[in-house]
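Pasting a predicted model and its sequence here:
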Amino acid sequence: MKRTKIADIFNPALLGQEVCVKGWVRTRRGNKYVQFVALNDGSTIKNIQIVFDMNEFTDEQLKPVTTGSSVCVEGLLVESMGKGQTCEIQAKKLEVYGTADPETYPLQKKGHTLEFLREKAHLRPRTNTFGAVLRVRSTLAYAIHKFFQEKGFFYLNTPLITASDCEGAGAMFQVTTLPLNDLPKTEDGQVDYSQDFFGKPTALTVSGQLEGELGATALGAIYTFGPTFRAENSNTPRHLSEFWMIEPEMAFYDITDNMDLAEEFVKYCIGYALDHCRDDIEFLAEHFDKDLIERLEFVLHNDFVRLTYTEGVKILEESGKKFEFPVSWGIDLQSEHERYLVEEHFKKPVILTDYPKDIKAFYMKQNEDGKTVRAMDVLFPNIGEIIGGSEREADYDKLLKRIEELNIPMKDMWWYLDTRRFGTVPHSGFGLGFERLVLFVTGMTNIRDVIPFPRTPNNAEF
């Protein structure tokens, strides 16, 4: 008999029909007359209850049906008299695919801490919590592609191995095939990268933006969506060493167009998740964050406040609030400052613009004042910055001067400058850390819990 996914089993049209379900046992309970098994196959947060009439099954047949075991059940789908479910399956046939020893299977029916589950990342997707998080993550990924494709953007694949450091932060993972215990050296004692695989130093990318700009200045509007890597020793609930980034780049967009797109984009993604993952989000709200749905609706139904960095700093300075990190013009704002503006002052999402050029990347368009650049950061409740972007510097001479000021090696930048030499145009873009979005939509508090297998300092398990 053909399998029916549990997500589809609650269709009233199937009542009274023979069905086949396959999945993993969550719980089993009962007595010598009747046994109840809760089965889940990952397609939904909901379990289906299987009822075994012990006049038709033996104890020996049901002995291997323990928490964590995998089974195939055929039976009749009927209305349920039990509380909390609309239907159940009266079992007629049972096949056990794989057993799970109750003594050693780590996910028994009890509360597990998120810390414990991180140590069991190979099994944690089987829990209600991580099943919900991963379904929301998948839905958001689909929504991202859907949003940009419907707007006529082209999906561009930018390189994961690169010789340029987009952010100028230097926190990059080196890629090499050189023997580390016997590095070839040049005459002056430096590592001889001419003997390396690519013939030069290379690293894992921190951003696809620079290559994204090349795509935008040919195709008009592109987006990237792929893994990025930061070798920062940041052990915080908001940082990963390997994460996914969405980076749209648009020719002929100024900073205002960029802000409009960013606001429309995040609202679309949140709305799509609420429409398509309601059960999962309600489960996460109930167990982790009672205010989750209210906060998602809050972002969805409010216009984002737009103000300059200078105005934002003035509000923070006059707030009378004592921050852990003191506020003054020229500092890079911390999440406590960003969250104050969003949660306490405006009580709305905020887009800050026109940051000091000294705390922003070299490629951002300089304002007439010579002190600020056309940057824009989108700030959310509970999370602080969720999107960072800017109008890009389109003027060849200004961009070259900034590159020279920051001592960025020209050998890495000649191709990027060519976009300003040959048919330069106003253009803009932004980056959204995918895990930050998933964190916001799921209400989880640690970014390690919204990616299947987190990579953080001293942790590359699984």
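Thanks, I have the structure now. Model, not experiment: these values are computed from the prediction.

okay, CA-based contacts and neighbour counts for the rest of this
Fine.

And the pLDDT for residue 169?
We have a pLDDT of 52 for residue 169.

what do you get for the one 10 residues further on?
Taken from the predicted model, the pLDDT recorded for residue 179 is 96.

Pull the number of nearby residues for it.
9 (other CA atoms under 10 Å).

mind checking the SS state of it?
coil (DSSP: H, G, I helix; E, B strand; the rest coil).

now it: how far from residue 188?
The gap separating residue 179 from residue 188 is 19 Å, by CA to CA, to the nearest Å.

My guess is residue 416 contacts residue 210. True?
Yes: counting by CA atoms under 8 Å, residue 416 does reach residue 210; the two are 6.9 Å apart.

who's more crowded, those two?
Neighbours per residue (other CA under 10 Å) separate residue 416 from residue 210, with residue 210 holding more: 18 against 15.

List the buried residues in the strand or helix carrying the more buried one.
If you go by DSSP states H and E, residue 210 is part of helix 209-219. Within helix 209-219, the residues that count as buried by 16 or more other CA atoms under 10 Å are 209-217.

got those as JSON lines, with distance to residue 427 and pLDDT columns?
As requested, these are exported to JSON lines (distance: CA to CA, whole Å; pLDDT from 0 to 100):
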{"residue": "209", "distance to residue 427": "12", "pLDDT": "94"}
{"residue": "210", "distance to residue 427": "12", "pLDDT": "92"}
{"residue": "211", "distance to residue 427": "13", "pLDDT": "95"}
{"residue": "212", "distance to residue 427": "11", "pLDDT": "97"}
{"residue": "213", "distance to residue 427": "8", "pLDDT": "97"}
{"residue": "214", "distance to residue 427": "11", "pLDDT": "96"}
{"residue": "215", "distance to residue 427": "11", "pLDDT": "97"}
{"residue": "216", "distance to residue 427": "8", "pLDDT": "98"}
{"residue": "217", "distance to residue 427": "8", "pLDDT": "97"}
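
Just name the closest of those residues to residue 308, please.
Residue 308 has its nearest neighbour among the buried residues of helix 209-219 in residue 209, at 23.7 Å by CA to CA.

okay but the closest one is in contact with residue 247, surely?
Yes: the pair residue 209 / residue 247 is scored as a contact, 6.5 Å apart, by CA under 8 Å.

contacting residues around the residue of the chain most remote from its centre?
In terms of distance from the mean C-alpha position of the chain, residue 55 ranks first, at 49.5 Å (CA atoms, centre = their mean). Applying CA atoms under 8 Å, 6 or more residues apart in numbering to residue 55 gives the contacts residue 33.

Doesn't it belong to a strand?
No: the assignment for residue 55 (three-state DSSP) gives coil, which keeps it out of a strand.

Relative to residue 34, how far out is it?
For residue 55, the distance to residue 34 equals 8 Å [CA to CA].

Same question for residue 82.
In terms of CA to CA, residue 82 sits 14 Å off from residue 34.

Who has more neighbours out of the two?
More crowded of residue 82 and residue 34, by other CA under 10 Å: residue 34, with 14 against 10.

Mind listing the residues bridging to that one?
In this entry, residue 34 is beta-bridged to residue 53, by DSSP bridges.

wouldn't it be in contact with residue 57 here?
No: Residue 34 is not in contact with residue 57 according to CA under 8 Å; the separation is 9.4 Å.

still on that earlier bit, closest one to residue 412 out of the buried residues of helix 209-219, please.
residue 210 (11.2 Å).

Count the neighbours of residue 422 for me.
Neighbour number of residue 422 under other CA under 10 Å is 10.

and the gap between it and residue 366?
Taking CA to CA, one finds residue 422 at 20 Å from residue 366.

List the buried residues in the strand or helix carrying residue 21.
Here residue 21, judged by DSSP H and E, is contained in strand 18-30. In terms of neighbour count (16+ other CA under 10 Å), strand 18-30 has its buried residues at 18-28.

Please apply the same query to stretch 344-354.
So stretch 344-354, judged by 16+ other CA under 10 Å, has buried residues 347-354.

Then stretch 419-428?
Of all the residues in stretch 419-428, those buried under the rule 16+ other CA under 10 Å are 419-420, 424-428.

And for stretch 218-236?
220-232.

Then stretch 382-393?
382-393.

Let's have those in a markdown table, adding pLDDT and secondary structure.
Listed next are these as a markdown table, based on pLDDT from 0 to 100; DSSP: H, G, I helix; E, B strand; the rest coil:
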| residue | pLDDT | secondary structure |
| --- | --- | --- |
| 382 | 89 | coil |
| 383 | 87 | coil |
| 384 | 90 | strand |
| 385 | 93 | strand |
| 386 | 94 | strand |
| 387 | 97 | strand |
| 388 | 96 | strand |
| 389 | 97 | strand |
| 390 | 98 | strand |
| 391 | 98 | strand |
| 392 | 98 | strand |
| 393 | 97 | coil |
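
As JSON lines, those with distance to residue 69 would be great.
Listed next are these as JSON lines, based on distance: CA to CA, whole Å:
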{"residue": "382", "distance to residue 69": "38"}
{"residue": "383", "distance to residue 69": "38"}
{"residue": "384", "distance to residue 69": "42"}
{"residue": "385", "distance to residue 69": "42"}
{"residue": "386", "distance to residue 69": "40"}
{"residue": "387", "distance to residue 69": "42"}
{"residue": "388", "distance to residue 69": "45"}
{"residue": "389", "distance to residue 69": "48"}
{"residue": "390", "distance to residue 69": "51"}
{"residue": "391", "distance to residue 69": "54"}
{"residue": "392", "distance to residue 69": "55"}
{"residue": "393", "distance to residue 69": "58"}
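
which one of those sits closest to residue 288?
residue 382 (13.6 Å).

ok, the closest one - contacts?
Shown in contact with residue 382 (CA under 8 Å, 6+ apart): 339, 343, 440.

In helices, which of those appear?
Taking DSSP state H as the definition of helices, the contacts of residue 382 contribute 339, 440.

nearest to residue 121, of the contacts of residue 382?
residue 440 (20.8 Å).

neighbours of that closest one, just the number please.
21.

Check what pLDDT it gets.
Residue 440 is given a pLDDT of 96.

so how far is residue 334 from the closest residue to it other than its chain neighbours?
Leaving aside its sequence neighbours, residue 440 sits nearest to residue 383 (CA to CA, 6 or more residues apart in numbering; 7.1 Å). Counting by CA to CA, the separation of residue 383 from residue 334 is 11 Å.

do the same with residue 172
Counting by CA to CA, the gap from residue 172 to residue 334 is 23 Å.

Show me which parts of the helix or strand harbouring residue 78 are buried, residue by residue.
Using DSSP H and E, residue 78 sits within strand 70-79. Buried positions in strand 70-79, judged by neighbour count with 16+ other CA under 10 Å: 70-78.
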